[in-house]
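> Got a predicted structure here, sequence first:
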Amino acid sequence: MTWTVTSPITGAAQTGLTSPTYTMTADTAPDNNGKQYAVTALGGTQTGVESSSVAAPFTLTFVRPKVFKALGKANPTTGVISSVPRNVYKQITRKGVIPLSGQPYATMLVTTIIEVPAGSDVADPEDVRAALSLHIGQLSTASSGIGDTCVTGIM
């Protein structure tokens, strides 16, 4: 299965948002090695939140490497691979936010970067998946706390 977006997306818990949902529509990614969706409607109680617009984007983008890197050959004497390249994937959320009342929108970025050592996709796929499971699970579990920290600065 590839990166897909099923609309609507049920948002993770956040202080002040009740049962948030996001209706997604396919959009054009900034580059041809990505997929992008825009939030076109909101559900639940999200007072003051706006869907995507030109001035205030609310998008979800996934980007894969333009050129995939392969694992190099091992040193014939030592058997060691001296440099393991990484294939970098990114999921980026963009949201227009107001930095000060009466001011124009500024774009907030939330980026998860996934750096997969070349070759591990074949030699150790279960550990690649386990790392992602833990990472995404913790983000989901801690969503409200992360939101509180980003608003208050307190960890």
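Looks like it arrived, so ask away.
> where's residue 83 relative to residue 26, distance?
From residue 83 across to residue 26, the span is 38 Å (C-beta to C-beta, to the nearest Å). Bear in mind the C-beta positions are built from the backbone N, C-alpha and C, glycine included.
> So those two - more neighbours on which side?
Neighbour count, other C-beta atoms under 10 Å: between residue 83 and residue 26, residue 26 has more, with 11 against 7.
> Can you identify the element that follows the helix or strand containing the more buried one toward the C-terminus?
Using DSSP states H and E, residue 26 sits within strand 18-27. Remark: after strand 18-27, the chain's next helix or strand is strand 34-45, criterion DSSP H and E.
> Is the residue of the chain most remote from its centre within a helix or a strand, and which one?
Distance from the centre of the chain peaks at residue 77, with 41.5 Å (C-alpha atoms, centre = their mean). Assigned by DSSP H and E, residue 77 belongs to no helix or strand.
> and if you look at residue 92?
Applying DSSP H and E, one finds residue 92 within strand 86-97.
> Return the list of helices and strands in contact with that strand.
With contacts taken as 3 or more C-beta pairs under 8 Å, 6 or more residues apart in numbering; DSSP states H and E, strand 86-97 sits against strand 58-63, strand 106-117.
> isn't there a strand covering residue 149?
No: counting by DSSP: H, G, I helix; E, B strand; the rest coil, residue 149 falls outside a strand, being helix.
> which residue is nearest the centroid of the chain?
residue 91 (2.9 Å).
> Low-confidence stretches in this protein?
Per-residue confidence of the chain (counting by pLDDT under 70) places the weak regions at 1.
> How about the contacts made by residue 120?
Residue 120 is in contact with 127-128, counting by C-beta atoms under 8 Å, 6 or more residues apart in numbering.
> ok, longest helix in the chain?
Longest helix in the chain, counting residues (DSSP state H): helix 125-141.
> For that helix, name the packing helices and strands.
Against helix 125-141 (3+ C-beta pairs under 8 Å, 6+ apart) you get strand 106-117, helix 120-123.
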